[in-house]
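[1] attaching a predicted model along with its sequence, questions to come.
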Amino acid sequence: MQYSRSKNLWAVTVLVGLLAGLLIPRTPLRGVVGIAGAQGGQVTDDQVNAVAKQLNCPVCENVPLDVCETQACSQWRDLIRQKLGTGDKPEQIIAYFRTTYGDRVLQSPPREGFTTLVWILPFVGLIAGVAILVVVLRRMAPQTAPAKVETVQSSSSADEYRERLERELKEFER
């Protein structure tokens, strides 16, 4: 299995691109336009759920706020609706919940400090796994045998070798 430099360069470029895509800061609500006052000042359920998708239920573990049916989640969605109605931006509402309840309410861990490892280590592990797999597969691939080199010995050196061998055998028998 022979890899050319261009294939290796292509693979490294793809991996770097993936890592860069993960590290680029993104706004929490891409695609949500005009949250407050979009329809004559009324906040729709879709707008509330766009914010609620990014938060966890305060009671249930790892359940998104937008799908949870508990009373606490209903109250939180009402609070989100009120804040959107007063003109708060989704980022401000998420920051409010994060400040009030801590990082555990966030659906995705923040990309800062120690939690950066949560975002990076899976890809580092994937890259390491692929590298190990490539090494193992290369070692398992059938190796081509080196061409046999025939040496031509002169008859005089072959005779010398034979005489030496016979002498050593006679000494060994004694």
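    Looks like it arrived, so ask away.
[2] show me what the lengthiest helix in the chain is packed up against.
    Longest helix in the chain by number of residues (criterion: DSSP state H): helix 116-140. On a contact count with 3 or more C-beta pairs under 8 Å, 6 or more residues apart in numbering; DSSP states H and E, helix 116-140 meets helix 5-23. Quick note: C-beta positions are derived from backbone N, CA and C, even for glycine.
[3] so where's the protein uncertain?
    1-41, 145-155 (pLDDT under 70).
[4] after the helix or strand in which Val51 is found comes which helix or strand?
    Using DSSP states H and E, Val51 sits in helix 45-52. Next helix or strand after helix 45-52 toward the C-terminus (DSSP H and E): helix 71-85.
[5] now the angle from that next one to helix 45-52?
    If you take axes from the mean of the first three to the mean of the last three C-alpha atoms, to 10 degrees, helix 71-85 sits at 110 degrees to helix 45-52.
[6] helices and strands around helix 71-85, which ones?
    By 3+ C-beta pairs under 8 Å, 6+ apart, helix 71-85 packs against helix 45-52, helix 90-101.
[7] report the separation between Gly87 and Arg167.
    Between Gly87 and Arg167 the computed distance is 107 Å (C-beta to C-beta, to the nearest Å).
[8] do Phe114 as well
    To Arg167, Phe114 is 76 Å away according to C-beta to C-beta.
[9] so the protein: which segments form each domain?
    Following automatic domain parsing, one finds the domains of the chain at 11-108, 116-141+150-173.
[10] go through the helix holding Val51 and flag the buried ones.
    Buried positions in helix 45-52, judged by neighbour count with 16 or more other C-beta atoms under 10 Å: Gln47, Val48, Asn49, Ala50, Val51, Ala52.
[11] ok, stretch 95-107 next?
    Going by neighbour count (16+ other C-beta under 10 Å), the buried part of stretch 95-107 is Phe97, Arg98, Val105, Leu106, Gln107.
[12] of those residues, closest to Val118?
    Leu106 (11.5 Å; C-beta to C-beta).
[13] hmm, back to that, switch the buried residues of helix 45-52 over to JSON lines; also include distance to Ile132.
    As requested, these are exported to JSON lines (distance: C-beta to C-beta, whole Å):
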{"residue": "Gln47", "distance to Ile132": "47"}
{"residue": "Val48", "distance to Ile132": "46"}
{"residue": "Asn49", "distance to Ile132": "42"}
{"residue": "Ala50", "distance to Ile132": "41"}
{"residue": "Val51", "distance to Ile132": "42"}
{"residue": "Ala52", "distance to Ile132": "41"}
